[in-house]
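Visitor: I need the structure of the sequence given here:
(one chain, ligands or ions: 4)
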Amino acid sequence: MATQGQVITCKAAVAWEPNKPLAIEDVQVAPPQAGEVRIQILFTALCHTDAYTWSGKDPEGLFPCILGHEAAGIVESVGEGVTEVHPGDHVIPCYQAECRECKFCKSGKTNLCGKVRAATGVGVMMNDRKSRFSINGTPIYHFMGTSTFSQYTVVHDVSVAKIDPIAPLEKVCLLGCGVPTGLGAVWNTAKVEPGSIVAIFGLGTVGLAVAEGAKSAGASRIIGIDIDSKKFDTAKNFGVTEFVNPKDHDKPIQQVIVDLTDGGVDYSFECIGNVSVMRSALECCHKGWGTSVIVGVAASGQEISTRPFQLVTGRVWKGTAFGGFKSRSHVPWLVDKYLKKEIKVDEYITHNLALAQINEAFHLMHEGGCFRCVLKMA
Ligand SMILES: NC(=O)c1ccc[n+]([C@@H]2O[C@H](COP(=O)([O-])OP(=O)(O)OC[C@H]3O[C@@H](n4cnc5c(N)ncnc54)[C@H](O)[C@@H]3O)[C@@H](O)[C@H]2O)c1
Ligand SMILES: N[C@@H](CCC(=O)N[C@@H](CSCO)C(=O)NCC(=O)O)C(=O)O
Ligand SMILES: [Zn+2]
Ligand SMILES: [Zn+2]
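Guide: Ligands and ions are numbered 1, 2, ... in the order given. Here you go, the predicted model:
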């Protein structure tokens with residue numbers, strides 16, 4: 001292949017500083033080193049975690065960087081020792097790696113992987129602790145080990161899921177983050193049983209995917225809570241059976257939900273990233289067994305609190321990263337489920353734009369009518 005072993009110059013959206021509009025730049029992308037894979041990104045979606053890091057509130061946010069972590073593309077070239085993917089393979093980059101060898105991967109207790117996390121947390125590749133991105137010699141940090149707001153990116157081989165090439169990349173890019181997170185929060189983390197009463201705080205893409213997961217798990221009631229009532233119409237199509245807008249009530253929202261459910265819900269999910277809502281989500285759970293799962297990402301310096309009595313009396317507080325899915329094993333499985341029409345994906349996509357319109361796409365994200373916006377990279 002003509003580009004193999006060469007530096008590729010391509011377009012990428014660079015975050016030079018927190019909150020400053022992203023700039024479309026010509027970026028040099030170095031060839032993959034041992035254990036690395038260079039991917040041509042064809043489609044990427046925007047997730048609220050990108051906006052969070054861009055805002056400057058992420059303690060791991062480093063600038064300048066290339067954000068983006070929900071994408072799909074084609075392997076352009078691989079470094080020495082890479083055996084599981086080859087040029088031409090269709091892939092989804094995974095911010096949660098799966099090496100199958102580390103203490104985490106072998107524990108059978110978590111989907112977190114320890115192999116490359118220390119490097120991805122500081123925006124570099126593990127081999128030489130350097131970035132593969134630069135602009136005229138100035139290094140640009142990686143983000144979450146994925147950096148998909150670039151036409152080409154370099155990732156660790158343990159962070160690449162090979163998928164069925166018949167899958168439409170402009171759709172399945174969503175299986176890189178938001179949709180698996182919501183489905184997995186229900187199926188893997190909470191393990192919702194048939195007949196359960198479920199409350200979902202925040203009806204964005206992640207909350208809708210929680211609803212879809214809860215419906216398929218046989219939940220009897222799925223209560224959606226959002227301060228934007230416009231979300232309710234869409235949420236019905238994902239399985240939400242009842243809606244509550246906290247703004248319509250004088251009582252604390254946890255009391256409203258407890259009153260609606262004869263003592264509280266079996267499972268609640270916080271899909272916003274607001275620590276005071278996390279408390280409400282825990283406290284609306286039923287005494288003795290109710291479990292609350294934190295999905296939302298809260299800013300640096302934010303802390304959760306509740307009376308320990310809430311836990312003493314049997315409520316359980318949990319969290320989930322990527323819905324507990326092991327990325328390289330489960331992403332291809334999720335793609336197959338999509339191809340068999342067993343899970344929704346297309347329905348979360350409300351907007352399609354080009355890479356050059358990325359700042360507009362971020363504006364849209366903050367409007368109620370936008371769930372996922374997919375950017376075409378080339
Ligand atoms: N844990 C993970 O692995 C993981 C993965 C993906 C996303 N996330 C996080 O999940 C969260 C949700 O992501 P998203 O893309 O669905 O975001 P989103 O912004 O589309 O959805 C959030 C929803 O919450 C609603 N909301 C805001 N404040 C509220 C309040 N006080 N009470 C009730 N509703 C309120 C908004 O109206 C919106 O509908 C973000 O924090 C994101 O960073 C976590
Ligand atoms: N750097 C952030 C971490 C934020 C966070 O928790 N990220 C989630 C994924 S959000 C995807 O949209 C996650 O998977 N966490 C586990 C991990 O990062 O290994 C912060 O410090 O706030
Ligand atoms: Zn995300
Ligand atoms: Zn591992």
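
Visitor: Alongside ligand 1, which residues does the stretch 101-250 of the chain contribute?
Guide: 177-178, 181, 201-207, 225-228, 231, 246 (C-beta under 6 Å from any ligand atom). Every C-beta, even on glycine, is put in place using the N, C-alpha and C of the backbone.

Visitor: Rounded mean pLDDT for stretch 80-95, please.
Guide: For stretch 80-95, the mean pLDDT works out to 98.

Visitor: quick one: the helices in the stretch 201-350 of the chain?
Guide: 205-216, 231-236, 253-260, 275-283, 308-312, 327-339 (DSSP state H, counting those that start in this stretch).

Visitor: between the residues of the stretch 101-250 of the chain next to ligand 1, which has the most around it?
Guide: Val206 (32 neighbours; other C-beta atoms under 10 Å).

Visitor: sorry, back to before: least reliable of the helices of the stretch 201-350 of the chain going by mean pLDDT?
Guide: helix 231-236 (a mean of 95).

Visitor: That one - contacts with which helices or strands?
Guide: Judged by 3 or more C-beta pairs under 8 Å, 6 or more residues apart in numbering; DSSP states H and E, helix 231-236 is in contact with helix 205-216, strand 221-225.

Visitor: how far out from the middle of the chain is it?
Guide: When C-alpha coordinates are averaged (C-alpha atoms, centre = their mean, to the nearest Å), helix 231-236 and its chain have centres 21 Å apart.

Visitor: what are the C-alpha coordinates of it, in CSV please?
Guide: The C-alpha trace of helix 231-236 is given here as CSV (Å, rounded to 0.1, in the frame of the first residue of the first chain):
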residue,chain,number,x,y,z
LYS,A,231,-37.2,14.3,25.0
PHE,A,232,-40.3,12.4,26.0
ASP,A,233,-41.7,11.8,22.5
THR,A,234,-38.6,10.1,21.2
ALA,A,235,-38.1,8.2,24.5
LYS,A,236,-41.4,6.4,24.0
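
Visitor: So for that helix, what gets flagged as buried?
Guide: By neighbour count on 16 or more other C-beta atoms under 10 Å, the buried set for helix 231-236 is 231-232, 234-235.

Visitor: Now for these: which two are most distant?
Guide: Distances among the buried residues of helix 231-236 were taken as C-beta to C-beta; the most separated pair is Phe232 and Thr234, at 7.5 Å.

Visitor: Just the helices from the stretch 1-150 of the chain, written as ranges.
Guide: Taking DSSP H, counting those that start in this stretch, the helices of the stretch 1-150 of the chain run over residues 48-54, 103-107, 117-120.

Visitor: Point me to the residue of the stretch 51-200 of the chain nearest ligand 3.
Guide: Cys177 (3.4 Å; C-beta to the ion).

Visitor: which residue sits closest to that residue, ignoring its sequence neighbours?
Guide: Excluding the flanking residues, the one nearest Cys177 by C-beta to C-beta, 6 or more residues apart in numbering is Glu70, at 4.1 Å.

Visitor: isn't the one you found right next to Leu46, touching?
Guide: Yes. With contacts counted by C-beta atoms under 8 Å, Glu70 reaches Leu46, the gap being 7.3 Å.

Visitor: Give me the common contacts of those two.
Guide: Arg372 (C-beta atoms under 8 Å, 6 or more residues apart in numbering).

Visitor: near ligand 2, which residues of the protein show up?
Guide: Residues of the chain lying near ligand 2 (C-beta under 6 Å from any ligand atom): 47, 49, 58-60, 96, 112, 117, 177, 297, 321-322.

Visitor: now those in a markdown table, with distance to Val331?
Guide: What follows is those, written out as a markdown table (distance: C-beta to C-beta, whole Å):
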| residue | distance to Val331 |
| --- | --- |
| Cys47 | 15 |
| Thr49 | 17 |
| Asp58 | 24 |
| Pro59 | 27 |
| Glu60 | 22 |
| Gln96 | 10 |
| Leu112 | 15 |
| Arg117 | 18 |
| Cys177 | 10 |
| Val297 | 20 |
| Ala321 | 14 |
| Phe322 | 9 |
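
Visitor: quick one: contacts for Pro246?
Guide: Contacts of Pro246 (C-beta under 8 Å, 6+ apart): 225, 227, 253, 256.

Visitor: what's the answer for Val27, then?
Guide: Val27 touches 9-12, 14, 66, 133-135, 140, 150, counting by C-beta under 8 Å, 6+ apart.

Visitor: Need phi/psi at Ala219.
Guide: Dihedral angles of Ala219 (phi, psi; degrees, to the nearest 10) stand at phi -60, psi 140.

Visitor: you'd agree it is up against Ala199?
Guide: No. Using C-beta under 8 Å, Ala219 is not in contact with Ala199; the gap is 10.2 Å.
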